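> build me a model from this:
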Amino acid sequence: MCNSNTLFGGKVLSHFPSLSSTNDYALDLLSKSKPGEGTVISADFQTGGKGQIGSSWESEPGQNITLSAILYPSFLQARQQFSLNQAIALAVGTPLQGT
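Below is the predicted model of the structure:
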């Protein structure tokens with residue numbers, strides 16, 4: 001577990017070489033405690049990753065970003081959650097200027 005000096009995302013980072021599913025790990029963690037805002041669970045490889053609508057998620061080890069983040073967005077209504085997914089996908093997929 002790593003504690004980073006960040007605003008909120010990744011302040012607590014649990015990284016694993018391999019997990020069945022980062023989402024399953026996050027859900028298990030949530031069932032036992034209330035992790036801090038922005039807790040991130042990541043893995044180099046997922047053996048049982050999940051996609052949308054029950055589909056599986058498969059990737060080559062070390063070739064994709066496989067993580068789950070625990071957020072408590074009080075500013076966002078549940079029906080607007082896809083907007084948060086879109087914003088994060090754009091942030092992750094957009095190269096920084098000057099790099």
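> just for the chain, where's the confidence low?
For the chain, applying pLDDT under 70 flags the ranges 1-10, 51-52, 93-99.
> if I look at G49, how far off is A78?
24 Å (C-beta to C-beta, to the nearest Å). All C-beta spots, glycine's among them, are computed from the backbone N, C-alpha and C.
> pull the longest helix from this protein.
helix 81-93 (DSSP state H).
> what sits up against that one?
Residues from elsewhere that reach helix 81-93 (C-beta atoms under 8 Å, 6 or more residues apart in numbering): I65, A69, L71, P73, L76.
> before we move on, what about stretch 59-78?
The set of residues external to stretch 59-78 that reach it, using C-beta under 8 Å, 6+ apart, is 9-10, 18, 22-23, 25-26, 29-30, 35-46, 49, 57, 83-84, 88, 92.
> next one: phi and psi at S42?
Geometry field for S42 lists phi and psi as phi -130, psi 160, criterion degrees, to the nearest 10.
> how near is it to Q80?
S42 sits 25 Å away from Q80, taking C-beta to C-beta as the criterion.
> and T66, by the same measure?
Between T66 and Q80 the distance is 25 Å, computed by C-beta to C-beta.
> more neighbours, these two?
In this view T66 and Q80 are compared by other C-beta atoms under 10 Å, and T66 has more residues nearby, 22 against 10.
> hang on, the earlier thing: list buried residues within the contacts of helix 81-93.
A69 (16 or more other C-beta atoms under 10 Å).
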